[in-house]
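1. The sequence and its predicted three-dimensional model are supplied below.
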Amino acid sequence: MGSHVSSAPDTRDVLDAIRRIVHALRESSRQAEQHTGLSGAQLFVLQKLAEAAPASVNDLAARTHTHQSSVSTVVARLVAARLVTRTRSATDRRSVQLALTPAGRRLIERAPDVAQERLVRAIDSLPSRRRQALASTLGALADALALVGKAPTMFFEDASRRKRRGTGRG
């Protein structure tokens, strides 16, 4: 197999920027696991819930800028860990409201900052035109890599779950 050297001088700059972002997200998730036992994604959702609870899964999906199905999966793990409760809304019995448990509140108080929050703030701080260009460019890159189809999961949530499953922590 031969190697292909890109003729585009900006390719390394693009890859280096992606590497730095992925590294920051991976390191943040690792620190979250070490300090709290939660993945970075779980801690991010818990922190967003702490900002304004009670909330629905759809509210959390909007706050985390993530697909509802991905947030729902993370919330299920937080409920199983007894860090979040689910209750029926008093005003709409079809709606489920999520809230932190006392254990969830205690965990948030000692939790480290998560890179996802810094990433959202950085993207939000870009001028609208640059955000749109970034979204379009990254979307085209994902399409070129054939990364379309199902909704994307939250950063490193799948890898975190596989690692824990492999160690018997489930």
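-> Arrived safely. From a predicted model like this one, the values you see are computed outputs, not experimental measurements.

2. Could you tell me which helix of this structure is the longest one?
-> Within the chain, and with DSSP state H defining each element, the longest helix by residue count is helix 11-36.

3. Okay, buried residues for it please.
-> By 16 or more other C-beta atoms under 10 Å, the buried positions in helix 11-36 come out as L25, S28, S29, Q31, A32, E33, T36. In short, each C-beta sits where N, CA and C put it, glycine included.

4. Output those as JSON lines; include the columns distance to E109.
-> Listed next are those as JSON lines, based on distance: C-beta to C-beta, whole Å:
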{"residue": "L25", "distance to E109": "23"}
{"residue": "S28", "distance to E109": "18"}
{"residue": "S29", "distance to E109": "20"}
{"residue": "Q31", "distance to E109": "16"}
{"residue": "A32", "distance to E109": "14"}
{"residue": "E33", "distance to E109": "18"}
{"residue": "T36", "distance to E109": "11"}
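
5. before we move on, the earlier item: could I get the average pLDDT for the longest helix of the chain?
-> For helix 11-36, mean pLDDT rounds to 90.

6. Summarise which helices and strands it is packed against.
-> With contacts defined as 3 or more C-beta pairs under 8 Å, 6 or more residues apart in numbering; DSSP states H and E, helix 11-36 has these neighbours: helix 40-51, helix 102-110, helix 115-125.

7. Quick check: which of these is nearest to S95?
-> Checking the helices and strands packed on helix 11-36 against S95 by C-beta to C-beta gives helix 40-51 as the closest, at 15.5 Å.

8. Would you mind giving the helices and strands packed on helix 11-36 as JSON lines with mean pLDDT added?
-> As requested, the helices and strands packed on helix 11-36 are exported to JSON lines (pLDDT from 0 to 100):
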{"stretch": "helix 40-51", "mean pLDDT": "93"}
{"stretch": "helix 102-110", "mean pLDDT": "94"}
{"stretch": "helix 115-125", "mean pLDDT": "92"}
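
9. now the longest helix of the chain against helix 102-110, angle please.
-> Here helix 11-36 runs at an angle of 130 degrees relative to helix 102-110 (axes from the mean of the first three to the mean of the last three C-alpha atoms, to 10 degrees).

10. what's the spacing between helix 11-36 and its chain's center?
-> Offset of helix 11-36 from its chain centre (C-alpha atoms, centre = their mean, to the nearest Å): 12 Å.

11. quick thing: my sequence starts at 44, can you match it?
-> In the new numbering, first residue 44, that becomes helix 54-79.

12. which residues sit against the strand or helix carrying V117?
-> Using DSSP states H and E, the secondary-structure element containing V117 is helix 111-123. Residues from elsewhere that reach helix 111-123 (C-beta atoms under 8 Å, 6 or more residues apart in numbering): 81-82, 84-85, 88-89, 100-101, 103-104, 107, 127-129, 141, 147, 194-197, 200, 204.
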